[in-house]
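In: turn this into a structure:
(2 chains)
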Amino acid sequence: DGGITQSPKYLFRKEGQNVTLSCEQNLNHDAMYWYRQDPGQGLRLIYYSQIVNDFQKGDIAEGYSVSREKKESFPLTVTSAQKNPTAFYLCASTFLGTQPQHFGDGTRLSIL
Amino acid sequence: AQSVAQPEDQVNVAEGNPLTVKCTYSVSGNPYLFWYVQYPNRGLQFLLKYITGDNLVKGSYGFEAEFNKSQTSFHLKKPSALVSDSALYFCAVRDRDGNNRLAFGKGNQVVVIP
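Out: I've put the predicted structure just below:
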């Protein structure tokens, strides 16, 4: 079945540690997105990519980094510079144009 | 910049009654509008979209939404709510400039009371 796979489902970070969240899609979508979800704040865009080897900062990119080396993969690294990383992270993808974004089932990141 | 307002934090409705979730938007030019639903610890599921044409859009699971340009609104409706409709609902908007970025509202928790 086609879809978006996020892993792991739960992740714990120690102080000073970088952690990487995986996002893989087999929908042949062009664009991929990373969102952060906090209770009562909706979804906020971290980074997005419309084409391989290119990506743009969203509204809250500080303390995060991404890469887009393959069309199907868009990993997100939460660096130690992100002082409040506890949140639910959602990855999405879509074809360019008017199609809706499809979402993975998220990774919940917590601080140890 | 595009933005969405979902003015109510929670919507309570009795099972079998009509359900309405409100959304107003701000965007330069004509919008693309979307509704999504989220169940606990899951990703967002697409319900419906307005791109152009008929102002009344029908989507999944019996939901529909009406685009009102003069009021810049895109309210989600269902004629008869089910307990299984209890979830978090998000409205989203993007403009037509080609950057493919969505702006989401903060979400509305819908509670359908048996």
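In: element containing the closest residue to A:Gly42 other than its chain neighbours, please.
Out: Distances taken as CB to CB, 6 or more residues apart in numbering or on different chains place B:Lys106 nearest to A:Gly42, at 3.9 Å, with adjacent residues excluded. No exception for glycine: its C-beta is placed from N, CA and C like everyone else's. Assigned by DSSP states H and E, B:Lys106 belongs to no helix or strand.
In: what number of residues lie near B:Lys106?
Out: 18 (other CB atoms under 10 Å in any protein chain shown).
In: who does the nearest residue to A:Ala87 once chain neighbours are set aside form a beta bridge with?
Out: What sits nearest to A:Ala87 in space, not counting adjacent residues and going by CB to CB, 6+ apart, is A:Arg36, at 4.8 Å. Taking DSSP bridges as the rule, A:Arg36 bridges to A:Arg44, A:Tyr89.
In: list phi and psi for the closest residue to chain A within chain B.
Out: Among the residues of chain B, B:Gly43 lies closest to chain A, at 3.4 Å counting by CB to the nearest CB. Per-residue torsions, B:Gly43: phi -80, psi 180 (degrees, to the nearest 10).
In: residues contacting it?
Out: When the contact criterion is CB atoms under 8 Å, 6 or more residues apart in numbering or on different chains, the partners of B:Gly43 are A:4, A:6, A:90, A:92, A:103-106.
In: which residues of chain A score low on pLDDT?
Out: Where chain A drops to pLDDT under 70, the residues are A:1.
In: got the residues of it near chain B?
Out: A:4, A:6, A:31, A:35, A:40-45, A:48, A:50, A:58, A:88, A:90, A:92, A:94, A:96-98, A:100-106, A:108 (CB under 8 Å from any CB of the partner chain).
In: end-to-end on stretch B:52-69?
Out: The first and last residues of stretch B:52-69 sit 11 Å apart, counting by CA to CA, to the nearest Å.
In: contacts for that stretch?
Out: By CB under 8 Å, 6+ apart, stretch B:52-69 touches B:30, B:33, B:35, B:45-50, B:73-80, B:85.
In: which stretch of helix or strand covers the residue nearest to A:Leu27 when sequence neighbours are not counted?
Out: Nearest non-adjacent residue to A:Leu27, counting by CB to CB, 6+ apart: A:Gly2, 4.9 Å away. For A:Gly2, there is no host helix or strand (DSSP H and E).
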